[in-house]
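*Asks:* The following comprises the amino acid sequence and a computationally predicted model.
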Amino acid sequence: MIVIAYKERIKPEHLRILEILLTRTKISRDDYYYFLNLKKGFEGELVFDAYTKQFKLDHLFLNDLQLEIRRAPFQVDALMIRTNLLVLYEIKNFEGIYKWGAEKFTKTTGTALENPSLQLQKTKVRLELLLQEKGFSLKIEAYVVFVNPEFTLLGMPNDSNFILLSQLPGHFRNIQAPAELNTEQIKLAEMLTNLHDPSYPRKKTQYTYSDLSKGITCPECGTLAENFSGYFQACNKCGNKINVKKAIQSSIEDFRTLFPEDKLTSSRMMDWCSCGNDMRVYRILKKNYRMIGKNRGRYYI
């Protein structure tokens, strides 16, 4: 058997939204730094996932759970379900040289970060309460994993629950092979997956359709092409060859991500793609989506 990602990790919705907005409008300074933090965090989680697959662990893994207990939300970066034991991982992609502190890590420049043990303990307690409420009684081990090779923590206590990137292979090698997966493990994985709230966080970046530039995006650099012709064309910025058909469909999917409540109509998609050829968009809609209604009321799902 190999590691089983019972719940795969997917790119956070808000990160995907900000990626699209960056190609079509100017976003606020706060949103931009939030985007950088989301992107860096997601990249760190992918590094961790690569290790779990590399060591072929025979355990269930649940990635990126957004849960709630008694109206208190909490996020689980990764959870390994073992026989009679859960292992909770808080994943951090910090970089630089910091000095350890019980409440915060500090650089010589004065830059400070909250000690992630504080968040980890809160997450662990809330997960324990949720499991008790659902009738599960399991021990939970909890670790903070620092996945960036350029992160150094001076003065780190020897008995801390921190795992540096260099220690991760040894950590996984020391995990003993479990017995066969039992029904309780599967039941727990199903329960937590069903409780996952994909809409978290609820506060979204504000934007409107009229504020966004229209066109199809270059898959290499994200530059908008405001008109197109033929099957391929060169990006004006990076020179990459754009597959026009794929770029149109990708832009339609971008629209669906930004405006999930709006109907996909041929006229709206022709405007969204800033068409050089309206029939190209219509044919892609007709081929790849299901048509609902007729004439002026027609839209696609």
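*Replies:* Received the coordinates, thanks. Residues are numbered from 1 along each chain as shown.

*Asks:* correct me, but residue 255 touches residue 271?
*Replies:* No. Proximity of residue 255 to residue 271 does not meet the contact threshold set by CB atoms under 8 Å, at 10.2 Å. Glycine gets a C-beta too; all of them are placed from N, C-alpha and C.

*Asks:* More neighbours: which of these two?
*Replies:* Under the criterion of other CB atoms under 10 Å, the comparison of residue 255 against residue 271 puts residue 255 first, with 18 against 14.

*Asks:* And for residue 98, the neighbour number?
*Replies:* Other residues lying near residue 98 total 22 when counted by other CB under 10 Å.

*Asks:* what's the spacing between it and residue 284?
*Replies:* 50 Å (CB to CB, to the nearest Å).

*Asks:* again with residue 165
*Replies:* Going from residue 165 to residue 284 by CB to CB gives 43 Å.

*Asks:* Those two: which has the busier surroundings?
*Replies:* Using other CB under 10 Å as the criterion, residue 165 and residue 284 rank with residue 284 on top: 21 against 17.

*Asks:* element containing that one, please.
*Replies:* helix 278-288 (DSSP states H and E).

*Asks:* Partner strands of the helix or strand following that helix and their direction?
*Replies:* Using DSSP H and E, the helix or strand that follows helix 278-288 towards the C-terminus is strand 291-292. Paired with strand 291-292 in the same sheet, following DSSP bridges, are strand 299-300 (antiparallel).

*Asks:* Could you give the separation of the partner strand from the chain centroid?
*Replies:* Centroid separation for strand 299-300 versus its chain: 28 Å, with CA atoms, centre = their mean, to the nearest Å.

*Asks:* So what touches that strand?
*Replies:* Applying CB atoms under 8 Å, 6 or more residues apart in numbering, the contact partners of strand 299-300 are 263-266, 285-286, 289-293.

*Asks:* redo that, cut-off 7 Å
*Replies:* 263-265, 285, 289-293 (CB atoms under 7 Å, 6 or more residues apart in numbering).

*Asks:* still on that earlier bit, could you pull up the mean pLDDT of the helix holding residue 284?
*Replies:* For helix 278-288, mean pLDDT rounds to 86.

*Asks:* Same check on stretch 66-74?
*Replies:* 91.

*Asks:* Let's see the distance spanning it from one end to the other.
*Replies:* Start and end residues of stretch 66-74 are separated by 6 Å (CA to CA, to the nearest Å).

*Asks:* buried ones in that stretch?
*Replies:* By neighbour count with 16 or more other CB atoms under 10 Å, stretch 66-74 contains the buried residues 66-67, 69, 74.

*Asks:* Among those, which ones are in strands?
*Replies:* Among the buried residues of stretch 66-74, DSSP state E puts 66-67, 69, 74 in strands.

*Asks:* Neighbours of the closest residue to residue 86 other than its chain neighbours, how many?
*Replies:* Nearest residue to residue 86 in three dimensions, chain neighbours excluded: residue 140, at 4.7 Å (CB to CB, 6 or more residues apart in numbering). Number of residues near residue 140 (other CB under 10 Å) recorded here: 15.
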